[in-house]
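Trainee: What follows is a predicted structure for the sequence shown.
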Amino acid sequence: MFGEAVFDRALAGSQWLRKRLAEGENGRPRRAAEWGKAALAWADLPMC
């Protein structure tokens with residue numbers, strides 16, 4: 001559920017989504033798992 005919320009938030013961010021779209025348009029599409037990792041990195045949450 002946590003990962004889904006982070007991913008939903010990233011998808012709502014136009015800048016994050018534009019970057020993912022540009023990757024695909026430039027011939028560098030990523031797998032869904034890589035999008036998930038990118039969403040976690042984008043969220044920049046402190047880890048305990």
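Mentor: Okay, I see it.

Trainee: So which helix or strand of the chain has the lowest pLDDT on average?
Mentor: Least confident helix or strand, the chain: helix 2-12 with a mean of 87, by mean pLDDT, DSSP states H and E.

Trainee: and whatever helix or strand comes next after that one, which residues are buried?
Mentor: Counting by DSSP states H and E, the next helix or strand C-terminal to helix 2-12 is helix 14-25. Going by neighbour count (16 or more other CB atoms under 10 Å), the buried part of helix 14-25 is 16, 20. C-beta here means a position set from N, CA and C on the backbone, and glycine is covered the same way.

Trainee: tilt between helix 14-25 and helix 2-12?
Mentor: With axes from the mean of the first three to the mean of the last three CA atoms, to 10 degrees defining the directions, helix 14-25 sits at 90 degrees from helix 2-12.

Trainee: what sits up against helix 14-25?
Mentor: 10, 11, 29, 30, 35, 38, 39, 42 (CB atoms under 8 Å, 6 or more residues apart in numbering).

Trainee: Now the two most distant members of those residues.
Mentor: Maximum pairwise distance among these (CB to CB): 17.7 Å, between 29 and 42.

Trainee: returning to what we had before: which helices and strands does the least confident helix or strand of the chain pack with?
Mentor: For helix 2-12, the elements it packs on are helix 14-25, helix 32-43, judged by 3 or more CB pairs under 8 Å, 6 or more residues apart in numbering; DSSP states H and E.

Trainee: then the last one to PDB, C-alphas only?
Mentor: The reference is to helix 32-43. Written as PDB, here are the backbone C-alpha positions of helix 32-43 (Å, rounded to 0.1, in the frame of the first residue of the first chain):
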ATOM      1  CA  ALA A  32       7.400  -0.800 -14.600                       C
ATOM      2  CA  ALA A  33       9.600  -1.900 -11.700                       C
ATOM      3  CA  GLU A  34      12.100   0.800 -12.700                       C
ATOM      4  CA  TRP A  35       9.300   3.400 -12.700                       C
ATOM      5  CA  GLY A  36       8.500   2.200  -9.100                       C
ATOM      6  CA  LYS A  37      12.100   2.700  -8.100                       C
ATOM      7  CA  ALA A  38      12.200   6.100  -9.700                       C
ATOM      8  CA  ALA A  39       9.000   7.100  -7.800                       C
ATOM      9  CA  LEU A  40      10.600   6.100  -4.500                       C
ATOM     10  CA  ALA A  41      13.700   8.100  -5.300                       C
ATOM     11  CA  TRP A  42      11.500  11.100  -6.300                       C
ATOM     12  CA  ALA A  43       9.600  10.900  -3.100                       C
END
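
Trainee: Thanks again, I'm all set now.
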